[in-house]
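# the following block contains a protein sequence and its predicted model.
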Amino acid sequence: MAESQLRALAAEITKLADSFATSLEEKNLPEASFSVDSPMSHKGITAEMFMTRQTLSDKLQDMWYLVQGPSESVHNYVHNVVPDAACLNVLNHFNFWEAVPLEGSASYSEIAERVSLPLDAVTRLIQHGTTLRLFEEVSSSRVKHTSRSAALARQPGLQALVSSVLDITGAPMMAMASALEKYSKGKSELTQDLSETAFALFHGTGPLGKKYTNSWEYLENDGEGERRGWRQAKFVEFMRYIKEIFHLEGIVLNAYDWQSAGKSTIVDVGGSAGHDAILLARKYPDLKLIVQDMPMVQPVFEADLPDDVRDRVSFVAHDIYQPQPTQADIYIVKMILHDYSESEAAKILKALTPGLRPGNRVIVIEYIGKVDEGEAEGEDDKKKDALPLSIRQMGTATDLRMMAIFNAKERPAESYRGIFKAADERFDVVSLKADPLTFFAVIEAVWRG
Ligand SMILES: C[S@@+](CC[C@H](N)C(=O)[O-])C[C@H]1O[C@@H](n2cnc3c(N)ncnc32)[C@H](O)[C@@H]1O
């Protein structure tokens, strides 16, 4: 009889889990558990431990597929995936996390009162949540937190991530089949038109009563009266969270020799509520920074701007597609172009050019979710194969999200040379550094004029 694949996988899982647990012990790092006092994340793990963890995740996923068998693994996935996502989204939207105390428990009726929803809906939502280890029943009428629901209660940034990724892109992504059917079927290239995305199709026909072409318009305009802008405020929180979990401070500080910039003026184009500008202002007292973003970001900026940098960091509402109104020495464009197709990204860079003077710089800092493809095919295939599927999936998932929301795609770092060139021949790309470990690239261009 052939050797059991299940046993072989189980042995690999045991070995990898043992290796991960041993490394945690050696580094004196606590192991995560389902209990409310568990660490929120495995902070402090090395790159090697990260790879072990992701390889272990791959094996566990394979085990799941194989124990279910091919048909049922598909069937069961389809059965659960959307209710799972919808449940998490609703729990998050109504902030069930804070309706249950971190210590102790709450009854279903207490939670219903706190989240202002009918008891029946609350009970059913939480009961599904418990199958995902979000809350745990302590009796037939009371629940307490697990570590996963507690992580959401404790981290507004994680709540903002659920809101900004799941709530904004979840339903529109399910319209991808209809969008491809309508705009790209039978064509050799995917449309790059921003009005022909799954997002635009979903919102353009007004399922929620409003028409939005892209997610930025939605973030900016959703909500009536006082509530308008709530999604922008969440998105700002999401960006701060991303900065924290991916340790982006170092990437911003190392993107350029800021000391050499002296008394420069810097514009952070699409700079959210100024987290990067504040970081640079604090570290380099000679720099003056102007943050540009959409109007509904301004109240968040004003409310959160620390006193110590008030005289050097300011905000101007500006649309990145419009000609740049501010004269500066350096323009930072961080995590912006990523959301747009090459032609749209070139338009955004082109909009910077009217006021540029020779020697001015544009520093693009961008997430690179995919391994470079194209050149040296054999080598790249090897690099790609070496990556655990769970890591590749992070890149391919972002890539599909980009397709659904912006008709854009994950691009290799090198493609930014072409985007600068398409924007204007007078840009000289003087440096391009991509770090596969951080998934970020820094591309620096100087305006020749
Ligand atoms: C992914 S976030 C990046 C934020 C920030 N640069 C960072 O790295 O954390 C993209 C930003 O671009 C802004 N944005 C999108 N479209 C814009 C537009 N047309 N005009 C101005 N800002 C825009 C969004 O509001 C958001 O703050």
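Perfect, thanks for sending it. Note that the coordinates shown come from a computational prediction; the quantities given were computed from them, not determined experimentally.
# ok, L279 touching V252?
Yes: using C-beta atoms under 8 Å, L279 is in contact with V252, at 6.1 Å. To be clear about C-beta, it is placed using only N, CA and C from the backbone, and glycine gets the same treatment.
# who has more neighbours, these two?
Shown here are L279 and V252; by other C-beta atoms under 10 Å, V252 has more neighbours (23 against 17).
# ok, the more buried one to D268 distance?
10 Å (C-beta to C-beta, to the nearest Å).
# need the residues touching each of the two.
Counting by C-beta atoms under 8 Å, 6 or more residues apart in numbering, the residues touching both V252 and D268 are D276, K334.
# ok so V446 is a strand residue?
Yes: V446: assigned to a strand according to DSSP: H, G, I helix; E, B strand; the rest coil.
# near it, how many other residues are there?
V446 has 17 neighbours, counted by other C-beta under 10 Å.
# cool, and E224?
Should you count by other C-beta under 10 Å, E224 turns out to have 7 residues around it.
# only alpha carbons, please: show stretch 235-243 as PDB.
Extracted C-alpha coordinates of stretch 235-243, given in PDB (Å, rounded to 0.1, in the frame of the first residue of the first chain):
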ATOM      1  CA  PHE A 235      -9.000  54.400   6.700                       C
ATOM      2  CA  VAL A 236      -6.500  56.800   8.400                       C
ATOM      3  CA  GLU A 237      -6.500  54.400  11.400                       C
ATOM      4  CA  PHE A 238      -6.000  51.500   9.100                       C
ATOM      5  CA  MET A 239      -2.900  53.200   7.500                       C
ATOM      6  CA  ARG A 240      -1.500  53.900  11.000                       C
ATOM      7  CA  TYR A 241      -2.000  50.200  11.800                       C
ATOM      8  CA  ILE A 242      -0.300  49.100   8.600                       C
ATOM      9  CA  LYS A 243       2.700  51.400   9.400                       C
END
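# so it, near the ligand or not?
Yes: Stretch 235-243 lies within reach of the ligand by C-beta under 6 Å from any ligand atom, at M239.
# stretch 426-442 too?
No: using C-beta under 6 Å from any ligand atom, stretch 426-442 never reaches the ligand; the gap is at least 10.3 Å.
# quick one: mean pLDDT over that stretch.
When pLDDT is averaged over stretch 426-442, the result is 90.
# what comes into contact with that stretch?
With C-beta under 8 Å, 6+ apart as the contact definition, stretch 426-442 has outside contacts at 47, 246-248, 251, 254-256, 349, 353, 362-369, 371, 413-414, 416-417, 420-421, 443-449.
# output it as CSV, restricted to C-alpha atoms.
The C-alpha trace of stretch 426-442 is given here as CSV (Å, rounded to 0.1, in the frame of the first residue of the first chain):
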residue,chain,number,x,y,z
ARG,A,426,12.4,64.7,-18.0
PHE,A,427,12.3,62.4,-14.9
ASP,A,428,15.6,60.6,-14.3
VAL,A,429,15.2,57.6,-12.1
VAL,A,430,18.4,57.8,-10.1
SER,A,431,17.8,55.0,-7.6
LEU,A,432,15.6,52.0,-7.3
LYS,A,433,15.9,49.8,-4.2
ALA,A,434,13.6,46.8,-3.6
ASP,A,435,13.8,44.8,-0.5
PRO,A,436,12.1,41.3,-0.8
LEU,A,437,12.0,40.9,3.0
THR,A,438,10.0,44.1,3.6
PHE,A,439,8.0,43.9,0.4
PHE,A,440,8.8,47.6,-0.1
ALA,A,441,10.6,49.5,-2.9
VAL,A,442,11.9,53.0,-3.0
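# coming back round to it: strands - which of the contacts of stretch 426-442 land there?
Judged by DSSP state E, strands contain the following of these: V362, I363, V364, I365, E366, Y367, I443, E444, A445, V446, W447.
# just checking: which of the residues you listed also lie near the ligand?
Among the ones in strands among the contacts of stretch 426-442, none lies close to the ligand by the criterion of C-beta under 6 Å from any ligand atom.
# JSON lines for those, including distance to A171?
Formatted as JSON lines, those follow (distance: C-beta to C-beta, whole Å):
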{"residue": "V362", "distance to A171": "35"}
{"residue": "I363", "distance to A171": "35"}
{"residue": "V364", "distance to A171": "31"}
{"residue": "I365", "distance to A171": "30"}
{"residue": "E366", "distance to A171": "27"}
{"residue": "Y367", "distance to A171": "24"}
{"residue": "I443", "distance to A171": "34"}
{"residue": "E444", "distance to A171": "39"}
{"residue": "A445", "distance to A171": "38"}
{"residue": "V446", "distance to A171": "43"}
{"residue": "W447", "distance to A171": "42"}
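# quick check: the farthest pair among the residues you listed?
Y367 and W447 (24.4 Å; C-beta to C-beta).
# got the residues of this protein near the ligand?
For the chain, the residues in contact with the ligand (C-beta under 6 Å from any ligand atom) are 216, 239, 270-272, 293-294, 297, 319-321, 334-336.
# for ChimeraX, write a command that selects the buried ones of the residues you listed.
To isolate in ChimeraX the members of the residues of the chain next to the ligand that are buried, counting by 16 or more other C-beta atoms under 10 Å, one can use:
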select :216,239,270,271,272,293,294,297,320,334,335,336
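# a markdown table please, covering the residues of the chain next to the ligand and showing secondary structure, distance to D428 and pLDDT.
Output for the residues of the chain next to the ligand, formatted as a markdown table (DSSP: H, G, I helix; E, B strand; the rest coil; distance: C-beta to C-beta, whole Å; pLDDT from 0 to 100):
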| residue | secondary structure | distance to D428 | pLDDT |
| --- | --- | --- | --- |
| W216 | helix | 30 | 89 |
| M239 | helix | 30 | 93 |
| G270 | coil | 23 | 97 |
| G271 | coil | 24 | 98 |
| S272 | coil | 28 | 97 |
| D293 | strand | 28 | 97 |
| M294 | coil | 30 | 96 |
| V297 | helix | 31 | 97 |
| D319 | coil | 27 | 97 |
| I320 | coil | 22 | 97 |
| Y321 | coil | 24 | 96 |
| K334 | strand | 20 | 97 |
| M335 | coil | 23 | 95 |
| I336 | coil | 20 | 96 |
